[in-house]
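Q: Can you look at this prediction? I've put the sequence above it.
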Amino acid sequence: MSQKVLVAGTGKSGIAAAKLLLAMGGEVVLYDGNDKLDPEKIKENFEVEKVSGQVRPQEKGTFGMYLEDGWYVLKAKENLYEGKDAVGRLDVAVLQDYLLNPVLGIQDPRTDERIEFIGGIRGLSELEKKVKEGMKVSFSMYPTSITELFDVADQNLLMPPKSTWFEPKLRSGLFIHQI
């Protein structure tokens, strides 16, 4: 039995002019996983609470999870961020390292053929629609901040796949220069 998972980054991120570049703050990631969605395994690293409406995370460390029976808020336990480099402290990395890999078996989001990325601009209703059309679960994430992006760059590290959503899209051949 194939399990499908959808992850969406939503919300606003950035400071000053950077708001133009990091307006959506994330993306949607499709996962065609396995049948290992074990709620008890999720609770090892996240506090889980069922809620009545859509979950657009309002702070770092908070995720929305949508299943056939509705929305849940997942709150990452504080220790998941301790002792990590700039990439390990990103919410997208926490979701990967403590839920997608150990619970769903998604080891490498860059090469796993069960993953498809689509733009986060499509929003939370799209997450619900995808689950109703056959996805097993969807996740919404708080956006990566411009400060987190700079921290990763300052440490000469690479951002995880699809950890930012840029809007408006820059046309090919155009560059941003400080004037």
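A: Received the coordinates, thanks.

Q: State the phi and psi torsions of Gly70.
A: Backbone torsions for Gly70, taken as degrees, to the nearest 10, come to phi 130, psi -170.

Q: Would you check that it makes contact with Val55?
A: No. Assessed by CB atoms under 8 Å, Gly70 is found out of contact with Val55, at 9.8 Å. Where you see a C-beta, it was placed from the backbone N, CA and C, and this is true even at glycine.

Q: which of those two has more neighbours?
A: Val55 (22 against 15; other CB atoms under 10 Å).

Q: is it fair to say that one lies in a helix?
A: No. Going by DSSP: H, G, I helix; E, B strand; the rest coil, the assignment for Val55 is coil, not a helix.

Q: Excluding sequence neighbours, find me the nearest residue to it.
A: Gly64 (2.8 Å; CB to CB, 6 or more residues apart in numbering).

Q: Is the one you found within a helix or a strand, and which one?
A: Counting by DSSP states H and E, the element that carries Gly64 is strand 62-67.

Q: which of the residues in the helix or strand just after that strand are buried?
A: Note on strand 62-67: by DSSP H and E, the next helix or strand toward the C-terminus is strand 70-76. By 16 or more other CB atoms under 10 Å, the buried positions in strand 70-76 come out as 71-74, 76.

Q: how many neighbours does Trp57 have?
A: Slight slip there: residue 57 is Pro, not Trp. Neighbours of Pro57 (other CB under 10 Å): 22.

Q: Give me the pLDDT for the nearest residue to it once chain neighbours are set aside.
A: Leaving aside its chain neighbours, Pro57 sits nearest to Tyr142 (3.9 Å; criterion: CB to CB, 6+ apart). Looking at Tyr142, its pLDDT stands at 84.

Q: and Tyr142, how far is that from Lys60?
A: Between Tyr142 and Lys60 the distance is 5 Å, computed by CB to CB, to the nearest Å.

Q: out of these two, which sits in the busier spot?
A: Tyr142 (22 against 17).

Q: picking up where we left off before, my guess is the residue nearest to Pro57 contacts Val55. True?
A: No. Here Tyr142 does not reach Val55: they are 10.4 Å apart, not a contact under CB under 8 Å.
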